[in-house]
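Undergrad: Starting from these lines, generate the structure:
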Amino acid sequence: MIGYVTVGTNDLEKAARFYDAIAAEMGVGRMMEFDNFIAWGAPGGAAGVAATKPFDGNPATVGNGVMVALEAKDKDQVQKLYDIALAHGGTCEGAPGPRGDSFFAGYFRDPDGNKLNAFVMG
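TA: Numbering: from 1, shown residues only. Model (predicted):
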């Protein structure tokens, strides 16, 4: 149902380094790029992620309670995505581990403070 998710950024260059690394681990790259907007994913593939400077010219801010969830292929990739995020300016919001019996996830924020997680079911 979701086509893509967009997060705001105040530093597109910094956001690009962060999301380039995350996207590379997930086997995709940039699929659209403009002066104030970059989108990562694969046309016709799963939902993508975009980072943009706000259209209204005001500073980007973080939505409280908003999170982007990235589906990993296995627990090892959850850990790898979490490690990549922290190595590229992200911050920890909860180390990878089980959450209940059938959900494994790691939580982090991008350099602008947008919350994401990498997860796998099972």
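
Undergrad: The residue nearest to Gly8 when sequence neighbours are not counted: neighbouring residues, count only.
TA: Nearest residue to Gly8, sequence neighbours excluded (CB to CB, 6 or more residues apart in numbering): Ala60, at 2.9 Å. Bear in mind the C-beta positions are built from the backbone N, C-alpha and C, glycine included. Using other CB atoms under 10 Å, Ala60 has 18 neighbouring residues.

Undergrad: any idea of the mean pLDDT in stretch 4-17?
TA: Average pLDDT, stretch 4-17: 96.

Undergrad: how long is it end to end?
TA: 19 Å (CA to CA, to the nearest Å).

Undergrad: That one: which residues count as buried?
TA: Neighbour counts over stretch 4-17 (16 or more other CB atoms under 10 Å) mark Val5, Val7, Gly8, Thr9, Leu12, Lys14, Ala15, Ala16 as buried.

Undergrad: Could you do stretch 23-42 as well?
TA: Ala23, Glu25, Met26, Val28, Met31, Ile38, Ala39, Trp40, Gly41.

Undergrad: got the residue ranges for the strands in the protein?
TA: Taking DSSP state E to define them, one finds strands in the chain at 4-8, 29-34, 37-41, 48-52, 67-71, 91-98, 103-109, 115-121.

Undergrad: Make a markdown table from those and add distance to Ala85 to it.
TA: Converted to a markdown table, these look like this (distance: least, CB to CB, whole Å):
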| stretch | distance to Ala85 |
| --- | --- |
| strand 4-8 | 13 |
| strand 29-34 | 17 |
| strand 37-41 | 14 |
| strand 48-52 | 12 |
| strand 67-71 | 10 |
| strand 91-98 | 8 |
| strand 103-109 | 4 |
| strand 115-121 | 7 |
